[in-house]
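Participant: below is the sequence, then the predicted model.
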Number of protein chains: 2
Amino acid sequence: MTHGLTHANPSKLRDLCPALQNKIYFNYGGQGPLPTPSLDAIIASWKRIQELGPFTTDIWPYISAEVNKTRGRLARLCNVPAHRLALSENVTTGCVLPLWGLPLEVGDHILISDCEHPGVVAACHELARRRQLQVNTLPVKQLRLGRDEHAQTDHDVLAAIEQQLTTRTRLVVLSHLLWNTGQQMPIAAVAAQLRQHAAQPYLLVDAAQSVGQIPVAEAAQAADIYAFTGHKWACGPEGLGGVAISERMLTEAHPTVIGWRSLQDETRAVADDPDPFHHDSRRFEVATSCVPLMAGLRRSLDLLEQEGSDGDRLERIRTLSEHLWRDLQSMHGVSPLLKGPPPAGLVSFQMHSEAEQSIPSELVKTLGAEQIWIRDLADPICLRACTHVCTSHNDLEQLTQGIRRISTQNQGG
Amino acid sequence: MTHGLTHANPSKLRDLCPALQNKIYFNYGGQGPLPTPSLDAIIASWKRIQELGPFTTDIWPYISAEVNKTRGRLARLCNVPAHRLALSENVTTGCVLPLWGLPLEVGDHILISDCEHPGVVAACHELARRRQLQVNTLPVKQLRLGRDEHAQTDHDVLAAIEQQLTTRTRLVVLSHLLWNTGQQMPIAAVAAQLRQHAAQPYLLVDAAQSVGQIPVAEAAQAADIYAFTGHKWACGPEGLGGVAISERMLTEAHPTVIGWRSLQDETRAVADDPDPFHHDSRRFEVATSCVPLMAGLRRSLDLLEQEGSDGDRLERIRTLSEHLWRDLQSMHGVSPLLKGPPPAGLVSFQMHSEAEQSIPSELVKTLGAEQIWIRDLADPICLRACTHVCTSHNDLEQLTQGIRRISTQNQGG
């Protein structure tokens, strides 16, 4: 049973998402559902491009407006000026393109948290191999306090960083919301801490789980690279994201994957041009991408806004995740990873049993057979359910009943 | 007047493209029109993803099938095994991701043709700056013979390469079809030539203008990096392309922009893993991209095939471009760049007049006001009209009449 959950504010967004009509969905952290109006906006944009273009003098004002509106919208979300916001295909591109342009020297150190996504970790290790850097690990996986004790978590994160920083640390890599434990990192405080450090390390933040879920302006402004996607919590189409880049990145980092969008003059190649690239975020953009996606992402952000302010939405997400957390906490043989209600909507937990069906991947399948969808994670081995503004009371009931059933079977026989 | 053009084979593809219904279109080399069935396939894919997922155990077989079908289709087009074909967002990504993974040493030389796209040139220059390489130029811009004398052109290209190769040349960058002059490069012969060279230079081929227009299998098999997009001559959606990669690239080049798709095990990051990446083309793929585009590109390729075999389509394109070339050739004050009929569908030309309206960008606007769309290029300064299988007799008539009108005004007063 989920206790005291208000029915006062049913989600309009929910009704607009076909993906949510035939299943009980908790994988917003993997991919969010695409609302029908967003798909309609994408289709309309494609038709408009065909009507005006696709490659005519008439099309450029439309494309520019699409790019500028989207860049502006994502920049406002991050509360950074538009010239600091680059569009990207996905979180990885947003992280790695600026990352590989950093002015690092042989022997410099990178400090990476032990909760980063494997893709980002592998990119850092390959960068380290190529540039002969040392990779150090920042332990945050064991920080398991709930949101009520976030001050202690913040303190522990800053202390761990203080302990791991060396005189050669030039880059710190830390997610805003940890994708596995669901813990929130104090990005602005970390940025302030790094500014006090003699080596002035850059701060790369994987914001895959934060944009669309929690207010991000403070963190996005403070980070050097704040990379996100539109297709998870923002419920936009797959294939479009953004990255907020600090002023010093714009002057100190070189573009990596260069294409016509990176160039000040895209019409001709000038040999030995000492200054070929845009001085703003476009130096980290590449070439032709799927413009119609932009209208879809903006529409999804509109629909999210209609669900309430950033703060209101987080409040709702937290109410839902707290209920789920409490239900899980109360079940025999089930342990949430966090020792208190989660800071946002990521609720990770473990089941204790030798029974085959409590192997996480098997449990995902068992619940999936009832069209209840959560996911399993490998490190730490656990299950993860995400609550979003479109999560319903019934969703939570179905999930907790499903888990309780399996848990009871495991215990009882 | 366009002479002797058969009306026997009207294009079905043409009727399926909304972009071709309200304009006279010659910018296939910039972006091709998207047929309605391809947009429908994209929409259907999006809906299917929402129905099955977007992130559930039920969705993965569908996503895998989409990726595998698309990879297989593009691999067959290039006549390479599927494990040598990576999907990419655009031509630039396809070129640059493998490019930056090449094992180059300080002091190595790169040889780039003087007809490469500015994005690729800038990427090579930035690579040279970072790795301290020397960039040399391969002159092919002045090769202006028509397709009837292609043997001479082929000979001249090979001779120019022979002359520019040094003992340190480790990379040659050459487009298959030059985007400005429309000339075709003998890629397979160049590859054979480079294999005889002691330094065994890699061959990077920008295939932006060739895939969907001319048979590419021989060149794609021979190159080390053969990068193309689906959104030009193949009439697919913007944001999806591919790159054929040689076996030696797969073993010798490192991935650059790394994401979960590059990794053998995407579920966890293993510190000091000596072998984290896929051994096939996926090492050059990154992370989440727009899966629904794949169904659209395949549909467009189906529709192209229905227009005739590769060879038949090229024959048709050539018939059209030859007619355009002859008409332009016959006009006072108009000079095609090539001295004979073009090898494919790119027809570049210059107008000789001091009149303001013969400034290329002005001429583009003047024709555009009549909904006749060609483009101007900066190097060499010229105009470019592309003929494709969906170009009609009437399109050619309208274009030549428009140019003749302007030309007459320029000459007459």
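Facilitator: Arrived safely.

Participant: mind listing the strands for the stretch 51-200 of chain A?
Facilitator: A:85-88, A:109-113, A:134-138, A:169-173 (DSSP state E, counting those that start in this stretch).

Participant: show me how far the last one is from its chain's centre.
Facilitator: Think strand A:169-173. Counting by Cα atoms, centre = their mean, to the nearest Å, strand A:169-173 is centred 20 Å from the centre of its parent chain.

Participant: run me through the strand neighbours of it, direction for each.
Facilitator: Strand pairing for strand A:169-173, using DSSP bridges, gives strand A:109-113 (parallel), strand A:202-206 (parallel).

Participant: the first one too?
Facilitator: Taking DSSP bridges as the criterion, strand A:85-88 pairs within the sheet with strand A:241-245 (antiparallel).

Participant: pLDDT score for the residue nearest to the spatial centre of chain A?
Facilitator: Among the residues of chain A, the one closest to the centroid is residue A:208, at 1.1 Å (Cα atoms, centre = their mean). pLDDT, residue A:208: 98.

Participant: hmm, it is touching residue A:228, no?
Facilitator: Yes. With contact defined as Cβ atoms under 8 Å, residue A:208 reaches residue A:228; the gap is 6.2 Å. C-beta coordinates here come from the backbone N, C-alpha and C atoms, glycine included.

Participant: okay, and the common contacts of these two?
Facilitator: Both residue A:208 and residue A:228 are in contact with residue A:91, where contact means Cβ atoms under 8 Å, 6 or more residues apart in numbering or on different chains.

Participant: coming back round to it: ok, the residue nearest to the centre of chain A to chain B distance?
Facilitator: Counting by Cβ to the nearest Cβ, to the nearest Å, the gap from residue A:208 to chain B is 10 Å.

Participant: one more: residue A:372?
Facilitator: Where chain B is concerned, residue A:372 sits at a distance of 10 Å (Cβ to the nearest Cβ).

Participant: now that residue. Nearest residue, chain neighbours left out?
Facilitator: Among residues not flanking residue A:372 along the chain, residue A:24 sits closest, at 4.3 Å (Cβ to Cβ, 6 or more residues apart in numbering or on different chains).

Participant: just residue A:68 next, same as before
Facilitator: Here the nearest residue to residue A:68 in space, its sequence neighbours aside, is residue A:82; by Cβ to Cβ, 6+ apart that works out to 7.5 Å.

Participant: got the contact list for that neighbour?
Facilitator: A:68, A:71, A:72, A:75, A:281.

Participant: let me know the pLDDT of it.
Facilitator: Per the predicted model, pLDDT is 97 at residue A:82.

Participant: show me where the stretch 1-150 of chain A dips below the pLDDT cut-off.
Facilitator: Scanning the stretch 1-150 of chain A for pLDDT under 70 picks out the ranges A:1-9.

Participant: am I right that residue A:395 is in contact with residue A:28?
Facilitator: No. With contact defined as Cβ under 8 Å, residue A:395 does not reach residue A:28; the gap is 11.3 Å.

Participant: compare neighbour counts for those two and give me the winner.
Facilitator: The residue with more neighbours, out of residue A:395 and residue A:28, is residue A:28; 27 against 23, by other Cβ atoms under 10 Å in any protein chain shown.

Participant: need the residues of the stretch 101-250 of chain A near chain B, please.
Facilitator: Contact residues (Cβ under 8 Å from any Cβ of the partner chain) of the stretch 101-250 of chain A with chain B: A:116-119, A:121-123, A:125-126, A:130, A:135, A:137, A:229, A:231, A:237-240.

Participant: by proximity to chain B, which residue of the stretch 101-250 of chain A wins?
Facilitator: Of all residues in the stretch 101-250 of chain A, residue A:239 sits closest to chain B, at 3.0 Å by Cβ to the nearest Cβ.

Participant: where does that residue fall, phi/psi-wise?
Facilitator: Torsion angles at residue A:239 (phi, psi; degrees, to the nearest 10) stand at phi 110, psi 10.

Participant: dump the residue contacts of residue A:209.
Facilitator: If you count contacts by Cβ under 8 Å, 6+ apart, residue A:209 has them with A:29, A:175, A:176, A:177, A:178, A:179, A:232, A:233, A:344, A:346.

Participant: could you dump these into a markdown table and include distance to residue A:373?
Facilitator: Shown next, in a markdown table, are the contacts of residue A:209 (distance: Cβ to Cβ, whole Å):
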| residue | distance to residue A:373 |
| --- | --- |
| A:29 | 12 |
| A:175 | 23 |
| A:176 | 24 |
| A:177 | 20 |
| A:178 | 21 |
| A:179 | 17 |
| A:232 | 14 |
| A:233 | 16 |
| A:344 | 19 |
| A:346 | 15 |
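
Participant: can you lay out the residues you listed as TSV showing neighbour count?
Facilitator: Shown next, in TSV, are the contacts of residue A:209 (neighbours: other Cβ atoms under 10 Å in any protein chain shown):
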residue	neighbour count
A:29	27
A:175	25
A:176	24
A:177	28
A:178	25
A:179	20
A:232	30
A:233	29
A:344	24
A:346	27
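
Participant: now, which of those residues sits nearest residue A:411?
Facilitator: Distance to residue A:411, by Cβ to Cβ, is smallest for residue A:346 among the contacts of residue A:209, at 26.2 Å.

Participant: what's the neighbour count on the closest residue to the closest one other than its chain neighbours?
Facilitator: Distances taken as Cβ to Cβ, 6+ apart place residue A:182 nearest to residue A:346, at 3.1 Å, with adjacent residues excluded. By other Cβ under 10 Å, the residues close to residue A:182 number 30.

Participant: just the strands in the stretch 201-350 of chain A please.
Facilitator: A:202-206, A:225-229, A:241-245, A:334-336, A:346-351.

Participant: what lines up beside the shortest one in the sheet?
Facilitator: I take that to be strand A:334-336. Going by DSSP bridges, the partners of strand A:334-336 are strand A:346-351 (antiparallel).
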